[in-house]
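> Sequence and predicted structure are below.
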Amino acid sequence: MAAEADLGEGLVDAEEGDAGEDWDDDESSGPEEPDEDSDEEAHASLSAPLTPAAAPTTAAAAAAACGPAVEEIIVLPATIPSPFPGRPPVLRFASPAETHVRVARIEDPAIAAQLKYKCQKVTPNVMKRIMRLAGFKKTSTEGWLVTWGKHMKAEDFRTLAPTQKINHFPNSFQLGRKDCLWRNMSRMQARHGKAVFSFVPDTFLLPRDRPLLRRVFPSSPAWIVKPNAAARGIGIKVVRSWNEVPKQGVIVQRYLERPLLVNGSKFDMRVYVYVAGLDPLRIYLAPEGLARFATHKYSFKKNTAADRFMHLTNYSVNKKNASFVAADEGESSGHKWTLTALFEHLRGQGIDTARIWDEITTAAIKTIVSVEDVLNSGVKANVKTPYCCHELFGFDFLLDAALRVWVLEVNVSPSMHTSAPLDQLVKGALLRDVLNTTGVAVPGQEPGVRTLTAADRAKHVQFVLSGVGDGILDHLTRDDCDTLMAFEEERARCGKLSLIFPAPTSDRFRGLFTLPRYNNMLLQEWIRLFPRHCSQAVETLMAAASAPASVAGRSLRRGPAAAATPSPTLMPCSSLASAASLSTGSTARSTEVRAAAAREPGPTSSPRRPLPTSSHSFSVRATASDASPTASAISSPASAAGTVRASSEALRPLVLPSIIKRSASASQLRSISKRS
């Protein structure tokens, strides 16, 4: 309990300082960027009408205008269309490292004039180039659509317009500050056991934990001291003597003195983790990252403790060493490699890199889940619409000699410095995929804020109270369809990013959340049916969204097996409950009655409570034989993970636990509905 009580300690001042922002010193002081208008002529011939459904085309005239053709120039449409007819497209972005790819300009002058981004002092050059390629102009006024910069205090997010996007969530310093990260890790260890969150070294917060650290200090030959809210290696040092330990303002971690070495040097791995949204939670992992090497060969002799070029792997530290070798176009040269090159090297040593990547994925998910509740609270209290926020985190992992994965820290503003071709290749593609995934709306076509009906709220409450999503797809409301369509749109444009949460196996993380959320359950059950974005998922949702209420209970069946296998009779849960009790009368109950049932579930003599249905609901249920071989191969690469529940489960009405029905008041249910 003490560990949990400490979570809020220091929150008033916690946002002061760098908060894990890893901006490189020379990013903002580098060569001046050319004006946005300087390349206007080069792009003039690439403009194309705003046609969402247009296919990529080759612009021969544009290639000729650029001089002798070395490679064909591919011109992509200015927008990415939705896979669902009638839903708006989003703006498209391209990587400046892909010199053969261009994005067409929007011809509508009224729309083009609104394409503005806010350029901050720390906005990386690669982001400026991406914005320019997409036709954006930089501005310092209020009329911007996108910005990429430093973190803000939670209350400052309230100034954002519903049409603006920023690359942070309120309260994400809970990951970026080293003291806050440890508070969250220790809280999760206290709740779920240290073995579940064993990927963070033993850490002590000073001055709070100074007496405890004093007792255990002799148990380790060395400790590493880190300031609470610094980045780029500032203030970090390895200590062996108690007299070297500062009195306050730092954390002290057990030093991992036996790291895995490559060519005799210590290294860490910068892995990019992208959180596209919080409710529902969607976490993506970039397939490419960076391995960063210390510039002195590693030794653990006592006289080497002060050698920062040996014990620290930060690029900002090692680039100052005379022996630093910058990365060229090769992926495994110098003191910075791609993760692909590193893993290829490790596989050559007989190391199972698939297991390492799985441990990295698991640690990243658990770390994000540890702050999911405080991030969600920050968004709901300070942001007008969830559309405004998304965040790219830079996780620093270390492998020890036993091939164990450790989380060293999390950066809320990972460096996007691109001084070397290797950085341009990795970070240009990363930011392209991040911007396309988040979905920057075409001006005037931004998503609105959805309002839940009484029936929606009743369904949310019932599943949140049950804690499981089994049966949540038995009928889909209009709000369910909107949520799932937005999810499928996001999956369709995520590029090379890999969705790691939700996943068919995400149930193993369910107990780590502070409270269950309805939309998380909805996506979890959906992704069991469709592990990957595929045409069958799109068709299913299109049918669900267009189905009139009179056919709300029918089952979707596709493929050749559908004709041979009779479809089970499926009904909304309320109809099932009526058929079972034979006493509730017509299932088309009035809105007032449904709302009353949602407001006051109360004690009841019946062990079952029918689930209110909205004016638009649809049942999605399939069996293993429903999908055609082609669709199955696309949507379910892991057949065991994608196995659908037997259709007979659809006939089981959801039952509220009797203890909840006896004790839950209407005010409690309304509170849970708001939080979910």
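Arrived safely, thanks for sending.
> Scan the protein for its longest strand.
Looking across the chain with DSSP state E, the single longest strand is strand 265-278.
> neighbouring strands for that strand, and are they parallel or not?
Using DSSP bridges, the strands paired with strand 265-278 are strand 261-262 (antiparallel), strand 281-285 (antiparallel), strand 290-293 (antiparallel), strand 391-399 (antiparallel).
> Need the residues that contact the longest one.
Defining contact as C-beta atoms under 8 Å, 6 or more residues apart in numbering, one finds that strand 391-399 is touched by 22, 167-169, 172, 175, 256, 259-260, 268-275, 356, 360, 363-364, 367-368, 405-415, 430, 434. The C-beta positions use only the backbone N, C-alpha and C, and glycine is treated the same way.
> mind redoing it with 7 Å?
22, 167-169, 172, 175, 256, 259-260, 268-275, 356, 360, 364, 405-412, 414, 434 (C-beta atoms under 7 Å, 6 or more residues apart in numbering).
> Is E409 in a helix, a strand, or coil?
strand (DSSP: H, G, I helix; E, B strand; the rest coil).
> And for the nearest residue to it once chain neighbours are set aside, the neighbour number?
Excluding its sequence neighbours, the residue lying closest to E409 (C-beta to C-beta, 6 or more residues apart in numbering) is D396, at 5.1 Å. Residues lying near D396 (other C-beta atoms under 10 Å) number 20.
> Quick check: D396 vs T367, distance?
Note on D396: its distance to T367, by C-beta to C-beta, to the nearest Å, is 11 Å.
> Check D209 too.
If you go by C-beta to C-beta, the gap between D209 and T367 works out to 21 Å.
> same check, this time on N263
Applying C-beta to C-beta, the value for N263 to T367 is 30 Å.
> between these two, who's got more neighbours?
Neighbours were tallied for N263 and for T367 using other C-beta under 10 Å; the higher tally belongs to T367 (23 against 8).
> what's the following helix or strand after the one helix or strand that one maps to?
If you go by DSSP states H and E, T367 is part of helix 353-370. Sequence order places helix 372-382 as the next helix or strand after helix 353-370, per DSSP H and E.
> buried set for that next one?
E372, D373, V374, L375, N376, S377, G378, V379, N382 (16 or more other C-beta atoms under 10 Å).
> Equivalent analysis for stretch 81-91, please.
So, applying 16+ other C-beta under 10 Å, buried residues of stretch 81-91: P81, S82, P83, F84, R87, P88, P89, V90, L91.
> Name the SS class of the third one, please.
Per three-state DSSP, the local secondary structure of P83 is coil.
> mind checking pLDDT for it?
According to the prediction, P83 has pLDDT 97.
> which non-adjacent residue is nearest it?
Excluding its sequence neighbours, the residue lying closest to P83 (C-beta to C-beta, 6+ apart) is V538, at 4.8 Å.
> can you count the residues close to the one you found?
Neighbours of V538 (other C-beta under 10 Å): 19.
> Adding distance to R308, write the strands paired with strand 265-278 out as TSV.
Putting the strands paired with strand 265-278 into TSV (distance: least, C-beta to C-beta, whole Å) gives the following:
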stretch	distance to R308
strand 261-262	17
strand 281-285	30
strand 290-293	14
strand 391-399	16
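> Same list (those strands) but as JSON lines, adding mean pLDDT and distance to V216.
What follows is the strands paired with strand 265-278, written out as JSON lines (pLDDT from 0 to 100; distance: least, C-beta to C-beta, whole Å):
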{"stretch": "strand 261-262", "mean pLDDT": "95", "distance to V216": "27"}
{"stretch": "strand 281-285", "mean pLDDT": "98", "distance to V216": "34"}
{"stretch": "strand 290-293", "mean pLDDT": "94", "distance to V216": "30"}
{"stretch": "strand 391-399", "mean pLDDT": "97", "distance to V216": "21"}
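> now for those strands, which one comes closest to E244?
Nearest of the strands paired with strand 265-278 to E244, taken as C-beta to C-beta: strand 391-399 at 22.0 Å.
> on that earlier part again, state the pair within the buried residues of stretch 81-91 that is farthest apart.
F84 and L91 (17.6 Å).
> Where does pLDDT dip in the stretch 401-550 of the chain?
Within the stretch 401-550 of the chain, the segments meeting pLDDT under 70 span 548-550.
> Okay then, goodbye and thanks.
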